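Enquirer: Provide a 3D model corresponding to the input given below.
(4 chains)
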Protein chains: 4
Amino acid sequence: MSLKVLGILGSPHPFGGSGMLLRCALEAAQREGAQTKLLSVYQGEIKPCQGCIQDEEPHCRFPCIFEDYGKELLLEINEAQVLIFGTPVYWYAPSGLLKNLIDRMTCLENMVAYGEPSYMEGKVVGIITVGADAGLTLAGAYLLTTLNAMGAMVPPWAHAYSRKAKGAIYDDRAVMDAINVGILSVGLAARLKGLPGRLSYLDDPQLLEEIRQKILAQKEAFEKEDGKTKAPESRP
Amino acid sequence: MSLKVLGILGSPHPFGGSGMLLRCALEAAQREGAQTKLLSVYQGEIKPCQGCIQDEEPHCRFPCIFEDYGKELLLEINEAQVLIFGTPVYWYAPSGLLKNLIDRMTCLENMVAYGEPSYMEGKVVGIITVGADAGLTLAGAYLLTTLNAMGAMVPPWAHAYSRKAKGAIYDDRAVMDAINVGILSVGLAARLKGLPGRLSYLDDPQLLEEIRQKILAQKEAFEKEDGKTKAPESRP
Amino acid sequence: MSLKVLGILGSPHPFGGSGMLLRCALEAAQREGAQTKLLSVYQGEIKPCQGCIQDEEPHCRFPCIFEDYGKELLLEINEAQVLIFGTPVYWYAPSGLLKNLIDRMTCLENMVAYGEPSYMEGKVVGIITVGADAGLTLAGAYLLTTLNAMGAMVPPWAHAYSRKAKGAIYDDRAVMDAINVGILSVGLAARLKGLPGRLSYLDDPQLLEEIRQKILAQKEAFEKEDGKTKAPESRP
Amino acid sequence: MSLKVLGILGSPHPFGGSGMLLRCALEAAQREGAQTKLLSVYQGEIKPCQGCIQDEEPHCRFPCIFEDYGKELLLEINEAQVLIFGTPVYWYAPSGLLKNLIDRMTCLENMVAYGEPSYMEGKVVGIITVGADAGLTLAGAYLLTTLNAMGAMVPPWAHAYSRKAKGAIYDDRAVMDAINVGILSVGLAARLKGLPGRLSYLDDPQLLEEIRQKILAQKEAFEKEDGKTKAPESRP
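Expert: A predicted model of the protein is given here:
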């Protein structure tokens, strides 16, 4: 059975810079044989964490006390072997809404308090961050460290970033890096299952161009569709 | 006219660890002659930032496009001369809801895109973080750096922290540090107005005890009141 | 042939807090069948990086232009499959001398500028940080992120830390975490070679005690030996 | 008497990117009436910190146990009212040699253990970081947080950065930011002495150009002089 890769987008723009680089990573993952899915934290409500973990009688356990879109995401996260987070960098960090999800992911890790392993243990993670200026490393370091402390593994070169904002898809190095995030995270997960998988950086300008064109075509289709349903002055 | 100090609480618990240390800082600020107010990000809805700053026609300007509780907070922030952020540390960072507010504060800083100074310029900030384990420095460094990059100033010893979680109020050093966050941030703001103000760390065990007792009494009163209105099994 | 694990100590104290936790990790790695070695950055001269990478004609390539102890360390790093860094936290970061080594490790990564893969690619890394107060997460996040950006992989739970300073060896959770850093980093490296290896956190109080006693005995022997060769007033 | 501003350069290149931006900040500070001096950590030996603070009988007090160039720097730091750190970003952090100095600065802060205030208390700090890629925010956040935790104050917009490496002097925004680091840090220190001082960001393209040309002329003179004393193939 093929590996499940979940892309989690922290951006309000499905085809903004981080959205497109995340799609590059997922496209690359799919070409490596994985089954991929992309979900955005902006697609529904994610109630903020209530910090139950500090209650007298702690009830912080998977899949959280809330019945909301956040729970759906947590269930999907639990099912995946590979998680790739793509986020715009808002003030040197993931978007607030993605941070809400991170907070809610406590219930996956906190299973250790109930005598089980962390539900994040053994998953493989990759990170994509896009901004217009600074703080990409700080945001990426934050995510890698947090996810590792929940029990996840990190493949080589796990963080791709671009400071080209909406133009990230034209940032060659960033696109190649994002493709590698897809390839290497699947590669690591595959190798741990005894399957073949790539673990060294791939530099392949032709693949880069191919995937870029595919994502740009998806973007065009999305905007066309989006334009039909929304008045032009409204925000996508 | 006295200085306005706004305490912004990032916790779901009004009298949890960060709530109580923040109240210590505000109490100290008040004793220095400031007018203080505490608002929690959990008191209303803070819609997540939509990243308008990347739109063709940017409309990221104070006080944001949204009409919600977040806007009320932004208006209050704009009125204050001193801001003290108190937050629990959820995965080495401020709570997701507080991060939402930080993201929304972009509209204060982005006034520079409209030929005005940043509305954060010249404000003085202090930070209080409380957790059960690690990541307090990372969370505090994040907030200080972000707020400074919006234009705010930082007094000496601007970050008080405790890893005692709910027991933070009994962490002597943390309480003394929090009191200093209140005193020194007001001190810096006052000095810049030509008024007297303290700028060196105060070590005063008697003041510490006095303020601690006062906050503990507030907590007791709050819990009594809270108990009347909520069923005991419900979360505060 | 067995895996080579190199422990790199960033402390002036061979048996200080970070030294002892690092030894716990190495002892655990050895029990997993690995061949281990510990080297301290304080054992010789590590000239500071000269930033050659910015020169017109870049000569930043392994093993660096300098003939010093730093070069010996770089050669050892290149030979190892697993690297475990143990460092005291000086101001929320690795010691300056360890930072010198990190800077010098640029020549391993910069082989990509010469058409080769990074010499760090595929290695597995673990981190141990010990301090007396705060900043452990920031220091650990820094090291994990940096090493991953050089091409290294990160096993689950890769960062063990204690804020007990010299008493870290008595910090049960930290010792168990350090032992896991040893086990899991060897586990990941082994699994990638098709060998059996553990990838889930081990909670084993008996092993903890056994390894602690062994390291404490080593410490006693070291101090005895050290006392013979050094005047009591001199620093170890 | 005029304010003393000390520029501390963490680069091996006196007129590299960080060196030149630091000189811009100092030039601006001088125009505000301050007395300025620039010292590089590469001008002499800075022995690595021995962590005395953990000894049974702690002897970590100003100006440190070592008699070396590091001590000279510590004495100069102690004399200054304003400190501006300029550093290249080596792996998302200050250079290892500058980190050595930060570690050694512990003796300034640790005077609190001897019943005195921290010798860093009340100083004003600014930061300049230059790199070729990422990690500028992480490096700047690190320095601001550390210096604030030693007792220093932070003016608005205290961190200027450029990712143009050697070309930083041609990065308009970075040069204007660096000039502001000079103006605003002197402004804050002056205001606290009851003197006039600027505390809002200055956007002045003419001043920018004037200072840039002055620093470029200094660079040319330096290289001419340097060329006389060194063989062309040696590193500057």
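
Enquirer: So which residues on chain A come close to chain C?
Expert: A:112, A:117-118, A:121-122, A:137, A:140-142, A:144-145, A:148-149, A:151-159, A:188, A:191-192, A:194, A:199-201 (C-beta under 8 Å from any C-beta of the partner chain). All C-beta atoms are positioned from the backbone trio N, CA, C, and that covers glycine.

Enquirer: Just those residues: which are in strands?
Expert: residue A:159 (DSSP state E).

Enquirer: Could I have the PyMOL command that selects the buried members from the residues of chain A next to chain C?
Expert: Only the buried members of those enter the following PyMOL selection, criterion being 16 or more other C-beta atoms under 10 Å in any protein chain shown:
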select buried, chain A and resi 112+118+121+122+137+140+141+142+144+145+148+149+151+152+153+154+155+156+157+158+159+188+191+192+199+200+201
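
Enquirer: Which neighbouring elements make contact with the longest helix seen in chain A?
Expert: Criterion DSSP state H: the longest helix present in chain A is helix A:205-229. Where contact means 3 or more C-beta pairs under 8 Å, 6 or more residues apart in numbering or on different chains; DSSP states H and E, helix A:205-229 is packed against helix A:17-31, helix A:172-192.

Enquirer: Which residues of chain A lie near chain B?
Expert: Near chain B, when you scan chain A using C-beta under 8 Å from any C-beta, you find A:11-13, A:16, A:42, A:46, A:48-55, A:88, A:90-97, A:99-103, A:105-106, A:132, A:138, A:142, A:145-146, A:149, A:165-166, A:235.

Enquirer: Out of those, list just those in strands.
Expert: Among those, the ones falling in strands (DSSP E) are residue A:88.

Enquirer: Can you go through the residues of chain A next to chain B and name the buried ones?
Expert: A:11-13, A:16, A:42, A:46, A:48-54, A:88, A:90-97, A:99-103, A:105-106, A:132, A:138, A:142, A:145-146, A:149, A:165-166.

Enquirer: Show me the residue at the heart of chain A, geometrically.
Expert: Centroid-nearest residue in chain A, with C-alpha atoms, centre = their mean: residue A:85, separated by 1.7 Å.

Enquirer: Beta-bridge partners for it, please?
Expert: Judged by DSSP bridges, the bridge partners of residue A:85 are residue A:8, residue A:127.

Enquirer: how much space between it and residue A:38?
Expert: 11 Å (C-beta to C-beta, to the nearest Å).

Enquirer: coming back round to it: adding mean pLDDT, write the helices and strands packed on helix A:205-229 out as CSV.
Expert: Converted to CSV, these look like this (pLDDT from 0 to 100):
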stretch, mean pLDDT
helix A:17-31, 98
helix A:172-192, 98
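
Enquirer: Tell me which of these sits most buried.
Expert: Neighbour counts (mean count of other C-beta atoms under 10 Å in any protein chain shown) averaged over each of the helices and strands packed on helix A:205-229 peak at helix A:17-31, with a mean of 27.

Enquirer: Model confidence score at residue A:83, please.
Expert: As summarised for this prediction, residue A:83 has a pLDDT of 98.

Enquirer: Which secondary structure state does it sit in?
Expert: Secondary structure for residue A:83, judged by DSSP: H, G, I helix; E, B strand; the rest coil, is strand.

Enquirer: one step back: sort out for me which of the residues of chain A next to chain C are in helices.
Expert: Assigned to helices by DSSP H, the following of the residues of chain A next to chain C qualify: A:137, A:140-142, A:144-145, A:148-149, A:188, A:191-192.

Enquirer: Okay, the residue of chain A positioned farthest from its centre and residue A:218: tell me how far apart.
Expert: Largest separation from the mean C-alpha position in chain A: residue A:56, at 33.4 Å (C-alpha atoms, centre = their mean). Relative to residue A:218, residue A:56 is positioned 50 Å away (C-beta to C-beta).
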